[in-house]
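Peer 1: Sequence and predicted model, in that order:
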Amino acid sequence: MVGTFVLIVGGLWLTGDAEAPAAAPSAKPSDPLAARRQRAVVVEPDAVEPRERPFMDSTAAAATAYSAGDYPSALQGFQAAIEKNPQDAESLGNLGQVLVRLGRTEESLPYFERAISIIPNRWAYHFNRARALGLLGRWDEAIAGYRQAQLLFPDDYATAFNLGLALHKKGDDESAVAEYQRAIHLAPDDASFRFALALSYERLQKNADAVAEYEEYLRRYPTGDGANRVRQRLTALLRSALERQTGADLYMEGASRLLSEAHLADLPHADRLMTALERRAGMLQMLRSSLEQRSVFLWIGGENPQPELRSVSVVGANYGLAHRNLGSVGVVGPLRMDYATAIASVRGAARELSRYFETVYDG
């Protein structure tokens, strides 16, 4: 017999006199790279800025002007240095950087290329030229430039990240994922790397992997500037997973309640839960196995037949006719849910559904 099943995702969190979870510390985890960048902020894919690594001569007056943001003075200083010594690779490369800052990116390329021709193995020249090419949308050339820079400095996280961005922009997200993972390995405390990785996973339709990266972002930066947007993307992914359940036998609702900030700690493995929800056949098989029950059924954590649901609990009740069950109604929630209220809710819903079907069948 094929039944109809209703599953409420989100459940009922324990409130009232229950012990509240410990508050998350307000300060962010120690970030050894804080002196080298601003706090990570989530931005949309098209607005992601590549990391900049200017190679400046700290003893030059022009470099001092550059550091102070006085780009016109820096421009004049480096131009004067090149007039004195056309083979001054450092000034050529630095002049290219100043032109990028002034929005004259196309003009910067010959200076980077002259610097490379003088000192071919200087990583910074290749990196900054590749970045300029990326700003111009010349992704194939930018990718080639970043790969050359990576050969010269394999352990630089900014090169890996910028290469990943260029690959993402070109549409090669499989390769972008590998570069983002390299960047994360080299600088695991940079939340923006995980956000970029999750975006590529989404484009590849690897939604469970994307959810895992968004969760890790929130674990590391729960109160960061981009946390709310990450939660929105998580909710959208789970809602999308539910909307793909197009059959008539299984109805699910309530995913957004899983990802509220107050209850995020109660669901450390939302990616596994989403995997279970996407596997419609597995969910139906699990619920059908409950049809032999004559009363409320309860699976807590490790008792769940579905491995992906063992970080949550399922409370359900069957409904139908006096001589047979027609389906189940249930609630998925955290292990710390209010079980008494959940049981009363599903029992009441099952009773009303049974009354409805008795009327239909009698009619």
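Peer 2: Arrived safely. Numbers count the residues shown, from 1 in each chain.

Peer 1: Need phi/psi at Asn325.
Peer 2: With angles defined as degrees, to the nearest 10, Asn325 sits at phi -90, psi 140.

Peer 1: separation between it and Ala350?
Peer 2: Distance check for Asn325 against Ala350: by C-beta to C-beta, to the nearest Å, it reads 9 Å. From N, CA and C alone the C-beta is placed, and that goes for glycine too.

Peer 1: Looking at the two, which is more packed in?
Peer 2: Set side by side, Asn325 and Ala350 show more neighbours around Ala350, with 23 against 20, by other C-beta atoms under 10 Å.

Peer 1: I'd say the more buried one and Ala317 touch.
Peer 2: Yes. Proximity of Ala350 to Ala317 meets the contact threshold set by C-beta atoms under 8 Å, at 3.8 Å.

Peer 1: Which residues are in contact with each of these two?
Peer 2: 328-329 (C-beta atoms under 8 Å, 6 or more residues apart in numbering).

Peer 1: list residues touching both of Asn325 and Ala350?
Peer 2: Any residue near both Asn325 and Ala350 by C-beta under 8 Å, 6+ apart counts here, and that gives 318-319.

Peer 1: And the contacts of the helix or strand Ala342 falls within?
Peer 2: The secondary structure element spanning Ala342 is helix 339-362 (assigned by DSSP states H and E). With contacts defined as C-beta under 8 Å, 6+ apart, helix 339-362 is touched by 6, 11-12, 296, 298, 313, 315-322, 326-331, 333.

Peer 1: What residues sit buried inside it?
Peer 2: Judged by neighbour count using 16 or more other C-beta atoms under 10 Å, the buried positions of helix 339-362 are 339, 341-343, 345-347, 349-350, 353-354.

Peer 1: Also stretch 194-201?
Peer 2: Under the neighbour-count criterion of 16+ other C-beta under 10 Å, stretch 194-201 has 194-201 buried.

Peer 1: isn't Leu326 right up against Gly320?
Peer 2: Yes. Leu326 is in contact with Gly320 according to C-beta under 8 Å; the separation is 3.6 Å.

Peer 1: Counting by contacts, list what the helix or strand hosting Ala65 packs against.
Peer 2: Secondary structure assigned from DSSP H and E places Ala65 in helix 61-67. For helix 61-67, the helices and strands in contact under the criterion 3 or more C-beta pairs under 8 Å, 6 or more residues apart in numbering; DSSP states H and E are helix 71-84, helix 89-101.

Peer 1: Could you single out the most deeply buried of those?
Peer 2: Of all the helices and strands packed on helix 61-67, helix 89-101 carries the top mean neighbour count, a mean of 25, counting by mean count of other C-beta atoms under 10 Å.

Peer 1: Mind listing residues that contact that helix?
Peer 2: By C-beta under 8 Å, 6+ apart, the list of residues contacting helix 89-101 from outside reads 54-57, 60, 62-63, 66, 71, 74-75, 78-79, 81-82, 85, 105, 107-109, 111-112, 114-115, 118-119, 122, 124-125, 128-129, 131-132, 135.
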